[in-house]
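J.: coordinates for the following, if possible.
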Amino acid sequence: MRLFDRDNLARDVRWLIAMLLVLGLFGAWYAAEVWREQRPPAGSSGVGLAMGTIAGLIILFEFLLWPRKALRRWRLLGPARWWMRAHIWLGFLAIPLALGHSGLTFGGWLSTALAIVFSIVVLSGIFGLVVQARLARQLRSRFSTEFVVPQIDERVRQICEFAEDLIASACGDRGPEPLTLEAASAPAPSPKPTTAEQTVGARRTPRAYHAQIIVEAVGVEDVPPRDELRAQFRATILPYLKRGHDVAGFLQDATSAQAYFRELEATVDQAARPVIATLLQCCDERRKLDEQAGVHAWLHSWLIIHLGFSGLLITLLAVHAFVAIKYW
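T.: Residues are numbered from 1 along each chain as shown. The predicted structure is shown next:
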């Protein structure tokens, strides 16, 4: 999520104003205590206890984002974007509150461990926010169409399904019901689509996707059977379309793929060239989907550290609260 982007500028400004108001109130209270005591107030003082309590409640709320993601279908809990924006802004608010509660000192070993873990969680969260913003811009600049991880798997299935239908049509292996533009345009029978199908194919079914590219592959229905084309498709092209970078081969490289398809063109007559050009487009899109999957892996790799230390922070916070109440 990007802060202060054009679509959400007003929301972020409201969050910023609210955060500054809260900090202003606590700052005035804290300054008054410093002036009265001539030293930073302790965590057990009135202002220190209030700042610590609110910071602790914010940390608990921050951790609730993870079960909220697991229960994303529960619309009564509010939209996920609101939770993420609150997670970011309240996380920023918790930093000065926690510092005020600490009295600007580490204290004993428990307070020191809590401060260190809290710092790791904050820094990993800021790192993730920056990395996500930069990689999101990279996705938009490098790829005309952006897919999330569940959509990538569904898109791969559509490409493979289309390529198999294309070769069957071109090589005369279509069976009793040949693929036509009318059949390709008809919706696929799917009474209960998956979540990815609902997202990717809400406006365009897989078969309609096939029809779009078949229309671009001029004369595909007139291509005579080609044993070499069929053999190369089954041995080399289809495995790559299905498994992508998991298949070691030259199709992972754009230049090598273009050279391979040029050699393949030389083995068939001119009528099959639109089919080969379309298969090259399928391989190019498969390669881009692998690149997007790699970018998404980078986008989420930092979560291992952030979530792991967040769980440790909650544990230390509970111990800290128990010890503080017991010896207060």
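J.: once you drop chain neighbours, what's closest to residue 160?
T.: Nearest residue to residue 160, sequence neighbours excluded (CB to CB, 6 or more residues apart in numbering): residue 241, at 4.9 Å. (Each C-beta comes from the backbone N, C-alpha and C, glycine too.)
J.: so what pLDDT did the one you found get?
T.: Here, the pLDDT recorded for residue 241 equals 90.
J.: and it, what element?
T.: Counting by DSSP states H and E, the element that carries residue 241 is helix 238-243.
J.: what's that helix packed up against?
T.: Judged by 3 or more CB pairs under 8 Å, 6 or more residues apart in numbering; DSSP states H and E, helix 238-243 is in contact with helix 149-171, helix 273-301.
J.: quick one: distance of the last one to the chain centre.
T.: The gap between the average C-alpha position of helix 273-301 and the chain average comes to 17 Å, counting by CA atoms, centre = their mean, to the nearest Å.
J.: I'd like the next helix or strand past it.
T.: By DSSP H and E, the next helix or strand past helix 273-301 is helix 303-326.
J.: pull the CA atoms of that next one into PDB?
T.: Output of helix 303-326 as PDB, limited to C-alpha atoms (Å, rounded to 0.1, in the frame of the first residue of the first chain):
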ATOM      1  CA  LEU A 303       6.900 -10.800   6.200                       C
ATOM      2  CA  ILE A 304       8.700 -13.800   7.700                       C
ATOM      3  CA  ILE A 305      10.800 -11.500   9.900                       C
ATOM      4  CA  HIS A 306       8.100  -9.000  10.500                       C
ATOM      5  CA  LEU A 307       5.500 -11.500  11.600                       C
ATOM      6  CA  GLY A 308       7.900 -13.700  13.500                       C
ATOM      7  CA  PHE A 309       9.200 -10.800  15.700                       C
ATOM      8  CA  SER A 310       5.600  -9.500  16.000                       C
ATOM      9  CA  GLY A 311       4.600 -12.700  17.700                       C
ATOM     10  CA  LEU A 312       7.600 -12.400  20.000                       C
ATOM     11  CA  LEU A 313       6.700  -8.800  20.700                       C
ATOM     12  CA  ILE A 314       3.200  -9.800  21.800                       C
ATOM     13  CA  THR A 315       4.700 -12.500  24.200                       C
ATOM     14  CA  LEU A 316       7.100 -10.000  25.700                       C
ATOM     15  CA  LEU A 317       4.400  -7.400  26.000                       C
ATOM     16  CA  ALA A 318       2.200  -9.800  28.000                       C
ATOM     17  CA  VAL A 319       5.100 -10.700  30.300                       C
ATOM     18  CA  HIS A 320       6.000  -7.000  30.700                       C
ATOM     19  CA  ALA A 321       2.300  -6.100  31.600                       C
ATOM     20  CA  PHE A 322       2.100  -9.000  34.100                       C
ATOM     21  CA  VAL A 323       5.400  -8.000  35.800                       C
ATOM     22  CA  ALA A 324       4.400  -4.300  35.900                       C
ATOM     23  CA  ILE A 325       1.000  -5.100  37.500                       C
ATOM     24  CA  LYS A 326       2.500  -7.600  40.000                       C
END
